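Participant: coords please:
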Amino acid sequence: MNIMIGIEDETTEDDIEKLVEAGADEFFCGIMPPDWVNLYGYQVSLNRREWEQNQFKTFEKLANIVKRIHHFEKKVAVVFNAPDYYVTQIPYIKDYFKRLKQIEVDALIIAEVPLIILLKQLNLNFDIYISGTAGVYSSRAVKFYKKLGAKRIMFPRDISIIEMERIIKKTSGLDLEYEAFI
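Facilitator: Prediction:
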């Protein structure tokens with residue numbers, strides 16, 4: 001079992017060390033840089049974390065935290081799980097994907113199929129974690145996302161343990177990781 005912890009702009013390098021010592025294996029976060037916020041505000045979030053305090057505000061700050069996380073040989077994922085994105089937002093998202101690759105983020109948590117396809121077109125080779133908001137409620141959905149390159153399935157918050165168990169059994173052999181919210 002791995003423990004994944006959410007972090008944000010106020011997270012310090014010392015906080016990362018304390019979280020690792022407490023048992024954190026992985027970290028996740030959102031980022032909403034000033035160019036996005038100036039156009040869309042925090043209410044039109046990239047990641048369903050609609051409050052300023054839940055975001056990293058700059059790639060530079062996130063890069064420092066990513067380096068610290070990697071120092072402890074842990075992973076970090078950035079969340080892109082808004083319910084939808086506008087066509088005018090895609091150039092920003094492309095740029096953000098490229099910048100996240102430069103700072104060596106390990107994975108992206110994605111809910112929307114078009115973003116997964118965009119990521120493939122950009123050939124950036126992130127690990128892809130399917131967000132719990134993508135609604136994976138069946139083994140068919142798991143198989144679909146595996147074909148798109150998913151490494152991990154994050155189950156929706158409202159799915160039962162019995163349902164998760166059935167899905168995992170039906171998809172054994174697919175070399176996937178599974179995650180549940182606690």
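Participant: rest of the way, CA atoms for contacts and neighbours
Facilitator: Will do.
Participant: list phi and psi for Ile69.
Facilitator: phi -60, psi -40 (degrees, to the nearest 10).
Participant: secondary structure element for the residue nearest the centre of the chain?
Facilitator: The chain has Ile109 as the residue nearest its centroid, 2.4 Å off, counting by CA atoms, centre = their mean. In the assignment (DSSP states H and E), Ile109 maps to strand 107-110.
Participant: helices or strands next to that strand in the packing?
Facilitator: The helices and strands touching strand 107-110, judged by 3 or more CA pairs under 8 Å, 6 or more residues apart in numbering; DSSP states H and E, are strand 75-80, strand 127-130.
Participant: picking up where we left off before, my guess is the residue nearest to the centre of the chain contacts Ser131. True?
Facilitator: Yes: applying CA atoms under 8 Å, one finds Ile109 in contact with Ser131, separated by 5.5 Å.
Participant: quickly list what's touching both of these two.
Facilitator: Asn81 (CA atoms under 8 Å, 6 or more residues apart in numbering).
Participant: so what strands line up beside the strand holding Ile109?
Facilitator: Strand 107-110 pairs in its sheet with strand 75-80 (parallel), strand 127-130 (parallel), by DSSP bridges.
Participant: which other residues reach the longest one?
Facilitator: Spelled out, it's strand 75-80. By CA under 8 Å, 6+ apart, the list of residues contacting strand 75-80 reads 25-31, 46-48, 66, 69, 105-111.
Participant: could you do the last one as well?
Facilitator: Applying CA under 8 Å, 6+ apart, the contact partners of strand 127-130 are 106-111, 116, 145, 149-154.
Participant: hmm, try it at 7 Å
Facilitator: Strand 127-130 has contacts (CA atoms under 7 Å, 6 or more residues apart in numbering) with 106-111, 149-154.
Participant: now those residues as JSON lines including distance to Asn38 and pLDDT?
Facilitator: Below are the contacts of strand 127-130 laid out as JSON lines (distance: CA to CA, whole Å; pLDDT from 0 to 100):
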{"residue": "Asp106", "distance to Asn38": "27", "pLDDT": "98"}
{"residue": "Ala107", "distance to Asn38": "26", "pLDDT": "98"}
{"residue": "Leu108", "distance to Asn38": "23", "pLDDT": "98"}
{"residue": "Ile109", "distance to Asn38": "24", "pLDDT": "97"}
{"residue": "Ile110", "distance to Asn38": "23", "pLDDT": "96"}
{"residue": "Ala111", "distance to Asn38": "24", "pLDDT": "94"}
{"residue": "Gly149", "distance to Asn38": "33", "pLDDT": "96"}
{"residue": "Ala150", "distance to Asn38": "32", "pLDDT": "97"}
{"residue": "Lys151", "distance to Asn38": "33", "pLDDT": "97"}
{"residue": "Arg152", "distance to Asn38": "33", "pLDDT": "96"}
{"residue": "Ile153", "distance to Asn38": "33", "pLDDT": "96"}
{"residue": "Met154", "distance to Asn38": "31", "pLDDT": "95"}
